[in-house]
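# below are the sequence and a predicted model for it; my questions follow.
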Amino acid sequence: MSFEAYDAFEDPYAYPGTTVLKNLLNIRDKGDLEAFEVEISTLRSEEPLPEGSFDPAHYCSVHRHLFQDVYEWAGRYRTVRTSKGGNAFCYPENIPAQMEGLFSELHRGEVFRNRDRDLFLSKITRFLGELNAIHPFREGNGRSQLAFVGLLGAASGHPFDFQTLNREAFMPAMIASYHGNQQPLRVELQKLLL
């Protein structure tokens, strides 16, 4: 799996003079860190994910669960501005308010329950696109997003099979949603519904 690099800036999360994120094992090679991060977060994702009220604290607990073995700051909002491919994510000073606003629409996950497949897909696509644009963590947003969407789907009677996710199609769909076109993301999510 290849990671798309974040746009360059002086990053207090990284070891000085590098783009390698400071980590609990003091891994200094970017490739080694990415491999470890994928391996351990995958193992953690196979464990039961934290239960909660489908609120920002619950989302943070999912990120913390997945990345607790890698980053000291797992589960905490980033404090730096970030972007990928020239697309800026939510400024850190706005993350708490944006997360509260987005998650308040969930009504503890109730907004997805008792919905037919099409309405569920519309709502979950919009939610995932908005959550991705906020990008509240310095790293691990994508895996946390999918894990949380998986929890929402299971709780709503619309489970996903993320084992069949096609990254080559999913990543461009996420980028399109960032630019306001949610249709490709909806198509990709529909393929993953059981």
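That came through fine.
# tell me the pLDDT of the residue nearest to Thr164 when sequence neighbours are not counted.
Excluding the flanking residues, the one nearest Thr164 by CB to CB, 6 or more residues apart in numbering is Leu192, at 6.2 Å. To be clear about C-beta, it is placed using only N, CA and C from the backbone, and glycine gets the same treatment. What the model reports as pLDDT for Leu192 is 97.
# can you pull the contacts of Leu192?
Phe160, Asp161, Phe162, Thr164, Leu165 (CB atoms under 8 Å, 6 or more residues apart in numbering).
# can you redo the residues you listed as a markdown table with secondary structure and distance to Ser104?
Putting those into a markdown table (DSSP: H, G, I helix; E, B strand; the rest coil; distance: CB to CB, whole Å) gives the following:
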| residue | secondary structure | distance to Ser104 |
| --- | --- | --- |
| Phe160 | strand | 23 |
| Asp161 | coil | 29 |
| Phe162 | helix | 26 |
| Thr164 | helix | 32 |
| Leu165 | coil | 28 |
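# which one of the residues you listed sits closest to Pro136?
Phe162 (20.2 Å; CB to CB).
# mind checking how far stretch 144-156 is from the chain centre?
Stretch 144-156 sits 11 Å away from the centroid of its parent chain (CA atoms, centre = their mean, to the nearest Å).
# err, stretch 101-109, not the other one
The answer for stretch 101-109 is 16 Å, by CA atoms, centre = their mean.
# grab the nearest non-local neighbour of Tyr91.
Tyr91 sits nearest to Arg81 (CB to CB, 6+ apart), 5.7 Å away.
# now for the one you found, how many residues are close by?
13 (other CB atoms under 10 Å).
# and for Leu24?
13.
# and it, what's its pLDDT?
Value listed for Leu24 in the pLDDT field: 98.
# contact partners for it?
So Leu24 contacts Asp69, Val70, Tyr71, Glu72 (CB under 8 Å, 6+ apart).
# and it, that one's in a helix?
No: looking at Leu24 with DSSP: H, G, I helix; E, B strand; the rest coil, it is coil, so not inside a helix.
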